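Asks: Have a look; sequence and predicted model below, questions after that.
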Amino acid sequence: MEIRDFRIVDVNVDEPTSQRTLSAYDTTMRTYSIHTPDSAPEGSKETLRHVQATLGGVPNLAAAMAESPSLLRAFFAVREIYAQGTLSAGDIQVLSLANAFENDCDWCVAFHTLMAQKSGVSEATIDALRAGRLPTEARARALSEFTRSLIQHRGAVPPAALEAFHKAGFTPAQVLEVILGVAFSVMANYAHHVVHAPLDDMLSAQAWSRPGGGEKR
């Protein structure tokens, strides 16, 4: 038996791979546990305990990501490094909200809405980012426009976008910090699309769905 695309498949090892067929179990999809520090795999326990002590609880997405100790440890290691850069806590939340919108991560938009509020980001900027609009505040506008360009162009940003970001007062090093932010966001955004973490009760007031209910472009 092997796991293929999160489906359980019975395999006859004597049969050529090209002739193997899915068993009656082929529609059984793997689900992900919302772990606690006690139930998590051994390699995730220490990280979850640290998260619990730091945040006062374990967010559901982190609890589901704990299924992979490697992902969980990498995510929080990058989070710590990211926070030590030159971008402010508010800048990071602006970037995280813009990235979550672009990657259509409803849980992440809700979480970063709360974190943005706690970091002092204005409600007008938060509302714009949740709606997929560019904020009117110059710094938030430049950050969100540049990170969206990175995602939409898969890193190959047009020279004009790079020039505009520099003209807004950002340094070459901060260009690379925004790329770090995209990498940080991708781990959470993509993980949520796989694990489908339920929205935490503490995020109910920040719940989000794509404006108009449409598909991501």
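Replies: Perfect, I can see it now. Residues are numbered from 1 along each chain as shown.
Asks: all strands for this structure, in order.
Replies: 2-4, 7-9 (DSSP state E).
Asks: Leu61 - how many residues pack around it?
Replies: Neighbour count for Leu61, taken as other CB atoms under 10 Å: 24. Where C-beta positions appear, they are placed from N, C-alpha and C, glycine not excepted.
Asks: same question for stretch 65-80, mean pLDDT?
Replies: Mean pLDDT, stretch 65-80: 97.
Asks: just use 33 as the starting number from now, easier for me
Replies: In the new numbering, first residue 33, that becomes stretch 97-112.
Asks: where along the protein do the helices fall?
Replies: Secondary structure of the chain by DSSP state H: the helices cover 74-87, 92-97, 101-115, 121-134, 138-150, 155-162, 170-184, 191-199, 204-227.
Asks: Dump the C-alpha coordinates for the second one into CSV.
Replies: Listed in CSV are the C-alpha atoms of helix 92-97, where the atom choice follows Å, rounded to 0.1, in the frame of the first residue of the first chain:
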residue,chain,number,x,y,z
ASN,A,92,-5.7,26.3,14.1
LEU,A,93,-3.5,26.6,11.0
ALA,A,94,-0.3,26.2,13.0
ALA,A,95,-1.9,23.2,14.8
ALA,A,96,-2.7,21.5,11.5
MET,A,97,0.8,22.4,10.0
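Asks: tell me what it is packed against?
Replies: helix 74-87, helix 101-115, helix 138-150, helix 204-227 (3 or more CB pairs under 8 Å, 6 or more residues apart in numbering; DSSP states H and E).
Asks: so can I have TSV of these showing distance to Pro190 and mean neighbour count?
Replies: Below are the helices and strands packed on helix 92-97 laid out as TSV (distance: least, CB to CB, whole Å; neighbours: other CB atoms under 10 Å):
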stretch	distance to Pro190	mean neighbour count
helix 74-87	38	15
helix 101-115	25	15
helix 138-150	26	22
helix 204-227	13	18
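Asks: Thank you kindly, that will do.
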